[in-house]
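Trainee: requesting a structural model of the entry that follows:
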Amino acid sequence: MIKVLFVCMGNICRSPTAEGVFRDVLTKAGMDAHVQVDSAGTHAYHVGEGPDARSQEAAQKRGIDLSGIRARQLQEEDFFRFDYILVMDQRNLRDLRQIAPLNLADKAELLLNFSSNYSGQEVPDPYYGGESGFEQVLDRIEDAAQGLLLHLQMQVDKN
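Mentor: Purely as a prediction, here's the structure:
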């Protein structure tokens, strides 16, 4: 079982969107039995809360249900439990690398490293913006999810 963790700051916009999108992608590809997906935030601002209503609405328009996801804060044990820790932006990447146990900081990388159209970029935080920001988040995450799927499919095929 491959374990993937998506991380943003509060775990109510970007990382739960990534979790929901990637679960959907895995199910459609018949890979959901091979990959476990979760999300977390670097901060504890929203622990126990569901995703931002605007994130849920934007995802629902694309057929993705985020309503069952609850925010949680990243824990040290996550560095040991997960094979991939994929973050949304450089700030969260720096934060994760600072708190990572020795020799595990390199597990954290930008989600958009798997993107074909947005490689090297960040998933912008839509929290203080308008509706279009949530659409942009989905566009970038959906693109990266396809690249991540291909990467993981190659891993599963090797084993």
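Trainee: the strands in this protein, which residues?
Mentor: 2-8, 35-41, 84-87, 108-110 (DSSP state E).
Trainee: any idea which of these is most buried?
Mentor: For the strands of the chain, the largest average neighbour count (mean count of other C-beta atoms under 10 Å) is found in strand 84-87, namely a mean of 25. Any C-beta I mention is one placed from the backbone N, CA and C, and that applies to glycine too.
Trainee: does anything pack onto it? Which helices or strands?
Mentor: On a contact count with 3 or more C-beta pairs under 8 Å, 6 or more residues apart in numbering; DSSP states H and E, strand 84-87 meets strand 2-8, helix 90-99, strand 108-110.
Trainee: off-centre distance for that strand?
Mentor: Relative to the chain's own centre, strand 84-87 is displaced by 7 Å; criterion: C-alpha atoms, centre = their mean, to the nearest Å.
Trainee: mean confidence score for that strand?
Mentor: The predicted model assigns strand 84-87 a mean pLDDT of 98.
Trainee: with stretch 35-52 instead?
Mentor: Averaging pLDDT along stretch 35-52 yields 96.
Trainee: residues in contact with Gln73?
Mentor: Contacts for Gln73 (C-beta atoms under 8 Å, 6 or more residues apart in numbering) come out as Asn11, Ala40, Gly41, Thr42, His43, Ala44, Val47.
Trainee: in the chain, where's the longest helix?
Mentor: As assigned by DSSP state H, the longest helix anywhere in the chain is helix 131-158.
Trainee: by contact count, what packs against that one?
Mentor: strand 2-8, helix 14-28, helix 53-61.
Trainee: now that helix and strand 35-41, what's the angle there?
Mentor: On the basis of axes from the mean of the first three to the mean of the last three C-alpha atoms, to 10 degrees, helix 131-158 is oriented at 140 degrees to strand 35-41.
Trainee: what comes up buried for helix 131-158?
Mentor: Neighbour counts using 16 or more other C-beta atoms under 10 Å place 133-134, 136-138, 140-149, 152-153 of helix 131-158 among the buried residues.
Trainee: ok so, going back, can I get the helices and strands packed on helix 131-158 in TSV including distance to Phe79?
Mentor: Converted to TSV, those look like this (distance: least, C-beta to C-beta, whole Å):
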stretch	distance to Phe79
strand 2-8	9
helix 14-28	16
helix 53-61	26
